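Undergrad: Quick check, what structure comes out for this input:
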Amino acid sequence: MSQRKEKGELRILPGDPRNLGASRVEKGYHFAFEVPEEQHAELLLYRKGEKEPYERIPFSNEHRLGSVAAMTVCGLNGNFSYNYCVNGKVCQDPNATALEGREKFGEPWNPDEHSVRCLIARKPMMNTQPLYHPYEELLIYKLHVRGFTKDSSSRVKHKGTFLGVIEKIPYLRELGVNAVELMPVYEYFEMPPKEEAKTSHLLPPGEEKTEKVNFWGYGNRALYYAPKSSFSATHHPVQEFAKLVDGLHEAGMECILEFSFPPTVGAARAMNILEYYLVTFHVDGFRVIGDGSLAAEAAKNPLLKKTKLIFVGFDAGQIYGGLKPESRNLGEQNQGYQECMRRFLKGDEGSLAGFSYFLRRNPSTHGVINYFAEHDGFTMMDMVSYETKHNEENGEENTDGTAKNDSWNCGTEGPTRKAAIRELRVRQLKNAFLILLTSQGTPMIYGGDEFGNSQKGNNNAWCQDNKIGWIDWNAGKKYPEILDFVKKAIVFRKEHPAFHAGSEPRLLDYKAFGSPDMSYHSQRAWYSEMENTCRSIGVMYCGDYYPKEDGTVDASLYIAYNMHWNARELALPALAGKQIWQVDVDTAKEECFYENGKGPRIKGKMVTVAPRSIMILSGKQE
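TA: Numbering: from 1, shown residues only. So this is what the prediction gives:
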């Protein structure tokens with residue numbers, strides 16, 4: 001068998017079929033991809049700026065092993081792009097690390113055309129390492145790279161790009177988050193191939209189909225190894241994305257990437273993709289949407305042992321055999337939290353027991369990600385402004401999107417000038433953020449919710465690459481008090497370890513401090529009422545159980561949650577020594593946070609909580 005073929009100035013050598021993709025090697029450039037044995041395959045080479053290949057090199061039998069074709073091409077300079085051709089049809093390398101010809105977002109294209117070509121990206125030089133914040137110390141901010149800064153109100157130079165997100169890092173740092181979760185940043189197919197976009201069997205004969213853009217990026221088609229070209233302001237997406245990861249790390253923020261894997265992407269390939277982003281870009285974690293079995297595969301992957309791996313659902317007991325893992329890197333996207341807490345917020349019957357459970361839930365085996373809103377569903381402002389979905393702009397006669405929103409419009413559907421309703425909506429948002437930031441686990445904020453961004457009641461904005469799907473940064477001007485409140489609530493959470501403990505409260509005084517680590521109260525101290533009609537509860541944290549970083553213990557805290565439409569009284573447990581309860585936060589007040597211990601002191605045994613409001617009290621020396 002010949003070991004070498006001459007082709008002009010190029011020398012063709014057999015490749016390594018185990019090394020899929022294209023890469024620079026000592027003798028030249030190596031190419032390998034999967035292709036059925038019976039199909040003819042060629043490597044297409046293009047010169048810079050040319051759309052037709054200048055060289056077509058067939059994969060002969062000596063370059064084939066099983067269903068993999070592999071060769072090394074010697075004599076190539078670095079200024080080229082490539083594709084493959086299988087049975088006469090052009091296709092991109094599924095393992096390509098960069099593309100050219102995909103710089104414009106939302107432009108239809110055919111994979112079997114020469115207009116889109118693969119590049120061999122130079123590995124970026126990373127200046128930072130993963131940060132490894134523990135789940136209990138994490139505060140996640142989720143965003144879509146394009147939608148985050150595409151609107152002119154973002155006032156950044158590089159709108160809708162990785163650089164645009166970098167420009168907003170000072171804002172995120174000031175907000176107080178320490179992790180950013182990015183919706184898909186890989187080369188997803190936001191538009192179907194041109195031939196699919198032209199016709200549809202659902203339309204009358206001769207009528208063309210208007211295809212919608214897959215703005216979010218979740219779908220079955222993607223080139224996962226390549227950062228998205230249209231998210232790059234510099235036309236160097238690999239280097240620009242690397243710069244974003246470094247910028248986040250330098251600001252103390254983790255970078256968590258979302259991946260949507262259809263069943264056609266097997267577990268081995270999915271793990272290889274995650275490993276690539278970890279090794280190449282030093283990202284901190286992944287939110288994986290796909291087959292639940294991937295969680296078990298990821299948990300036993302040695303390379304990902306310290307990397308955050310977030311899934312919707314998995315059986316931690318089965319994965320770890322009932323033992324506590326060496327590294328608590330698995331995380332659960334806590335859908336039950338969102339449903340239950342929304343129901344409690346609007347005062348639904350039968351929601352209090354679930355509220356008390358999710359408020360304290362913090363398993364030893366894995367982290368839990370708590371949220372009121374994310375990409376799928378109402379934003380938090382829409383959660384208090386709409387009761388039904390308004391998805392007409394999606395072009396499906398409002399039949400798409402869930403009908404179960406667990407929302408309440410506070411008296412009027414949509415925008416209103418009524419001051420009382422506007423004030424109630426703001427209070428409900430403050431209540432929601434305070435619930436989120438006083439829950440155990442990891443809070444997650446969906447981009448724009450912190451200042452009242454709205455999608456006009458659209459709860460399924462997957463195809464809205466416009467002002468519905470983009471964040472309106474001017475929204476904060478309407479309700480500046482929301483952003484101010486969120487910043488202060490984040491600081492308050494960080495100041496009190498009781499809200500971000502390393503383990504779930506046991507509801508017991510297991511160290512004999514005189515009070516349980518966490519306890520529930522009603523109109524009677526030390527007695528919880530969980531009846532269906534109850535909409536208020538007092539929760540006490542014994543400060544002795546929650547030491548601070550400097551070794552001192554936290555103050556005892558009492559949170560009075562009242563989601564009833566009437567004021568309610570709750571009993572205050574007696575404090576040890578000469579301590580007295582003092583109000584630190586009251587969402588019923590215009591200025592919710594009392595600065596420098598100036599809140600009112602409660603000398604009696606009861607506290608009155610205003611309708612639909614939350615009070616936080618702390619133990620102070622009398």
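
Undergrad: Test my guess that residue 43 contacts residue 86.
TA: No: if you go by C-beta atoms under 8 Å, residue 43 and residue 86 don't touch, sitting 10.9 Å apart. To be clear about C-beta, it is placed using only N, CA and C from the backbone, and glycine gets the same treatment.

Undergrad: which ones are touching residue 142?
TA: Taking C-beta atoms under 8 Å, 6 or more residues apart in numbering, we find residue 142 in contact with 180-183, 371, 374-375, 444-447.

Undergrad: do that again at 7 Å, thanks
TA: 181, 374, 444, 446-447 (C-beta atoms under 7 Å, 6 or more residues apart in numbering).

Undergrad: how far away is it from residue 258?
TA: Distance, residue 142 to residue 258, using C-beta to C-beta, to the nearest Å: 8 Å.

Undergrad: Need the overlap of contacts for the two.
TA: residue 181.

Undergrad: more crowded one of residue 43 and residue 86?
TA: residue 43 (24 against 17; other C-beta atoms under 10 Å).

Undergrad: who's in contact with the closest residue to that one other than its chain neighbours?
TA: Excluding its sequence neighbours, the residue lying closest to residue 43 (C-beta to C-beta, 6 or more residues apart in numbering) is residue 57, at 4.5 Å. By C-beta under 7 Å, 6+ apart, residue 57 lies in contact with 7, 12, 42-43, 73.

Undergrad: Kindly recompute the last result at 8 Å.
TA: So residue 57 contacts 7, 10, 12, 42-43, 45, 71, 73 (C-beta under 8 Å, 6+ apart).

Undergrad: Repeat that for residue 129.
TA: Listed by C-beta under 8 Å, 6+ apart, the contact partners of residue 129 are 249, 282.

Undergrad: what about it, is that helix, strand or coil?
TA: Following DSSP: H, G, I helix; E, B strand; the rest coil, the label given to residue 129 is coil.

Undergrad: Which two among the contacts of residue 142 are spaced furthest apart?
TA: Spatial extent of those (C-beta to C-beta) is set by the pair 444 and 447 at 10.4 Å.

Undergrad: which residues are common contacts for those two?
TA: With C-beta under 8 Å, 6+ apart as the test, residue 444 and residue 447 both reach 141-142.

Undergrad: Mind checking which of those two has more residues around it?
TA: Comparing residue 444 with residue 447 by other C-beta under 10 Å, the one with more neighbours is residue 444, at 28 against 23.

Undergrad: element containing the residue nearest to residue 43, please.
TA: Per DSSP states H and E, residue 57 falls inside strand 55-58.

Undergrad: got the CA positions of that strand in PDB?
TA: The C-alpha trace of strand 55-58 is given here as PDB (Å, rounded to 0.1, in the frame of the first residue of the first chain):
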ATOM      1  CA  GLU A  55      -8.300  21.800  -5.100                       C
ATOM      2  CA  ARG A  56     -10.400  18.700  -4.700                       C
ATOM      3  CA  ILE A  57      -8.600  15.800  -3.100                       C
ATOM      4  CA  PRO A  58     -10.400  12.400  -2.900                       C
END
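
Undergrad: Could you spell out the sheet neighbours of it, each with its direction?
TA: Partners of strand 55-58 in the sheet, by DSSP bridges, are strand 41-47 (antiparallel).

Undergrad: Now do the strand it pairs with, average pLDDT.
TA: Strand 41-47 shows an average pLDDT of 96 in the prediction.

Undergrad: Run the chain-centre distance for that strand.
TA: 38 Å (C-alpha atoms, centre = their mean, to the nearest Å).

Undergrad: export it as CSV, just CAs?
TA: Only the C-alpha atoms of strand 41-47 are listed here, as CSV (Å, rounded to 0.1, in the frame of the first residue of the first chain):
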residue,chain,number,x,y,z
ALA,A,41,-15.7,11.7,-0.2
GLU,A,42,-13.4,14.6,-1.1
LEU,A,43,-11.6,17.3,0.7
LEU,A,44,-12.3,20.7,-0.9
LEU,A,45,-9.7,23.5,-0.5
TYR,A,46,-10.4,27.2,-1.1
ARG,A,47,-8.2,30.2,-1.4
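
Undergrad: and residue 593, how many neighbours?
TA: 17.

Undergrad: now the residue lying closest to it once chain neighbours are set aside: how far from residue 329?
TA: Closest residue to residue 593 apart from its sequence neighbours, by C-beta to C-beta, 6+ apart: residue 488 at 4.8 Å. Counting by C-beta to C-beta, the separation of residue 488 from residue 329 is 31 Å.

Undergrad: Those two: who's more crowded?
TA: Between residue 488 and residue 329, residue 329 has the larger neighbour count (other C-beta under 10 Å), namely 21 against 18.

Undergrad: For residue 356, see how far away the more buried one is.
TA: Counting by C-beta to C-beta - residue 329 and residue 356 are separated by 28 Å.

Undergrad: and if you look at residue 259?
TA: 34 Å.

Undergrad: Contact partners for residue 493?
TA: 139, 437-438, 443, 499-500.

Undergrad: Run through the helices of the stretch 51-200 of the chain in chain order.
TA: 145-149, 162-167, 169-175, 194-198 (DSSP state H, counting those that start in this stretch).

Undergrad: Nearest approach to residue 583 belongs to which of these?
TA: Closest approach to residue 583 among the helices of the stretch 51-200 of the chain (C-beta to C-beta): helix 169-175, 25.2 Å.

Undergrad: List the buried residues of the closest one.
TA: 169, 172, 175 (16 or more other C-beta atoms under 10 Å).

Undergrad: Now do that helix: everything it contacts.
TA: Contact with helix 169-175 is made by 141, 180, 247-248, 251-253, 450, 486-487, 490, as judged by C-beta under 8 Å, 6+ apart.

Undergrad: Selection in ChimeraX covering whichever of those residues are buried, please.
TA: Selection of buried members from the contacts of helix 169-175 for ChimeraX, criterion 16+ other C-beta under 10 Å:
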select :141,180,247,248,253,450,486,490
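
Undergrad: In stretch 71-84, which residues are buried?
TA: 71-73, 76, 80-84.

Undergrad: Over to stretch 498-513?
TA: Neighbour counts using 16+ other C-beta under 10 Å place 498-501, 504-505 of stretch 498-513 among the buried residues.
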